[in-house]
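Chemist: Provided below for reference: sequence and predicted model.
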Amino acid sequence: MMKKRIVVTGGSGKAGKWIVKELVEQGYEVLNLDWKLPEVPLCQTQILDLNDLGQIHNALSQYNVRDRQPVEAVIHFAAIPQAFIYPNDVTFRNNVMNTYNILEAAANLDIRKVVLASSESSYGIVFASQFFAPNFLPIDESHPQLSEDSYGLSKMVNEITGEAFHRRTGMQVISFRLANILEPEDYPRVKQTFADPEERIRILWSYIDVRDMAAACRLAMEKDGLGAQSLILAADDTSSDLSSEELIRRFMPELAEYAQHLPGRASFLSNIKIKEVLGWKQQHYFMEQ
Ligand SMILES: NC(=O)c1ccc[n+]([C@@H]2O[C@H](COP(=O)([O-])OP(=O)(O)OC[C@H]3O[C@@H](n4cnc5c(N)ncnc54)[C@H](O)[C@@H]3O)[C@@H](O)[C@H]2O)c1
């Protein structure tokens, strides 16, 4: 039997390589679209610039031509992954146009499912010029997205673009508002921030293990009938050794009334919706890594 085909973009990057690994291990055939090669090749990579729709079409039709087997889904993770490393307009243009292009290509080629990498940065706190506390805790999908930076804004735009393509073609588009992604090798470094908890205040001490993230991507493209939705993808717990109540008391005392909703080291980002929609469950907990 032929393996089902999935396209991953950004599969040479930090998160993407774990998505490729998860899919290959689960028996999928994967094509990675990226403008650089991966350090360890796990699947075929096509080097291209996703800002150029022609290159995407050409890559996907070359891929299809062999046996005309369709692509089931695209998991789109290619992006400039933070603000301020490139000039603002470069970040915005790359992230918005490559997302538009991948959705346009998927629509034209009748690919019915797309997963997009959005970010907790779309809530605006991470890269704001001045720290501001959320309106309420835990932040859920109903909290306003308040970006002022071009990276967070690009993620807000991309979610809306995904919804538009769902309206245009009925394709399923799931946008993950990802917390800070941690690979196994990252944990010792992050644990050093216990000495200075304020270091991770901008991300509200949230994280998602890269293996749990990859499993969520697979679930999102295996499920049907989800429409267009944005889902927070964060761990149940924080990456701090302090209780969430203590973090609120020290750093956001104006939100003291919400401490009762955050027992122990409960995350400031709610993952209730993703559990309901995908049946996703966390496997990797911060203190066990
Ligand atoms: N790392 C995190 O903590 C985090 C948190 C929230 C959201 N995200 C999002 O997750 C996704 C992956 O992030 P990452 O940390 O793996 O970043 P990364 O930089 O390690 O990987 C991104 C990959 O995309 C490729 N790429 C970028 N623009 C491209 C283009 N125009 N054409 C072809 N390839 C292109 C890069 O070569 C790279 O391999 C991004 O969309 C990022 O915004 C990351």
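Modeler: Perfect, thanks for sending it.
Chemist: contacts and neighbour counts: CA atoms only from here.
Modeler: Fine.
Chemist: which residue ranges form the helices in the chain?
Modeler: 16-25, 53-65, 88-108, 150-169, 187-191, 210-222, 244-251, 272-278 (DSSP state H).
Chemist: The ones you listed: lowest mean pLDDT?
Modeler: Ranked by mean pLDDT, those bottom out at helix 53-65, which scores a mean of 88.
Chemist: so what's the residue sitting nearest the centre point of the chain bridging to?
Modeler: In the chain, the centroid-proximal residue (CA atoms, centre = their mean) is residue 117; its distance is 3.3 Å. With DSSP bridges as the criterion, residue 117 is bridged to residue 176.
Chemist: Tell me the confidence at it?
Modeler: pLDDT at residue 117 comes out at 99.
Chemist: What of the one 4 residues further on?
Modeler: As summarised for this prediction, residue 121 has a pLDDT of 98.
Chemist: pretty sure it is touching residue 150, no?
Modeler: No. When contacts are counted by CA atoms under 8 Å, residue 121 is not listed as touching residue 150 (10.2 Å).
Chemist: Same drill for these two, tell me which one is more crowded.
Modeler: residue 121 (29 against 22; other CA atoms under 10 Å).
Chemist: burial of residue 98, as a residue count?
Modeler: So residue 98, with other CA under 10 Å, has 23 neighbours.
Chemist: That one is in contact with residue 55, isn't it?
Modeler: No. Using CA under 8 Å, residue 98 is not in contact with residue 55, being 11.2 Å away.
Chemist: Grab the CA positions of stretch 7-24 and hand them over as CSV.
Modeler: As requested, the backbone C-alpha atoms of stretch 7-24 are provided in CSV (Å, rounded to 0.1, in the frame of the first residue of the first chain):
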residue,chain,number,x,y,z
VAL,A,7,4.2,18.2,3.0
VAL,A,8,6.1,19.9,5.9
THR,A,9,7.5,23.4,5.4
GLY,A,10,10.3,24.5,7.6
GLY,A,11,11.2,20.9,8.1
SER,A,12,14.9,21.8,8.4
GLY,A,13,14.3,24.0,11.4
LYS,A,14,14.0,23.5,15.2
ALA,A,15,10.3,22.4,15.3
GLY,A,16,10.0,21.1,11.8
LYS,A,17,12.6,18.4,12.0
TRP,A,18,10.6,16.8,14.9
ILE,A,19,7.4,17.0,12.9
VAL,A,20,9.1,15.2,10.0
LYS,A,21,10.4,12.6,12.5
GLU,A,22,7.0,12.0,14.0
LEU,A,23,5.4,11.6,10.6
VAL,A,24,8.1,9.3,9.1
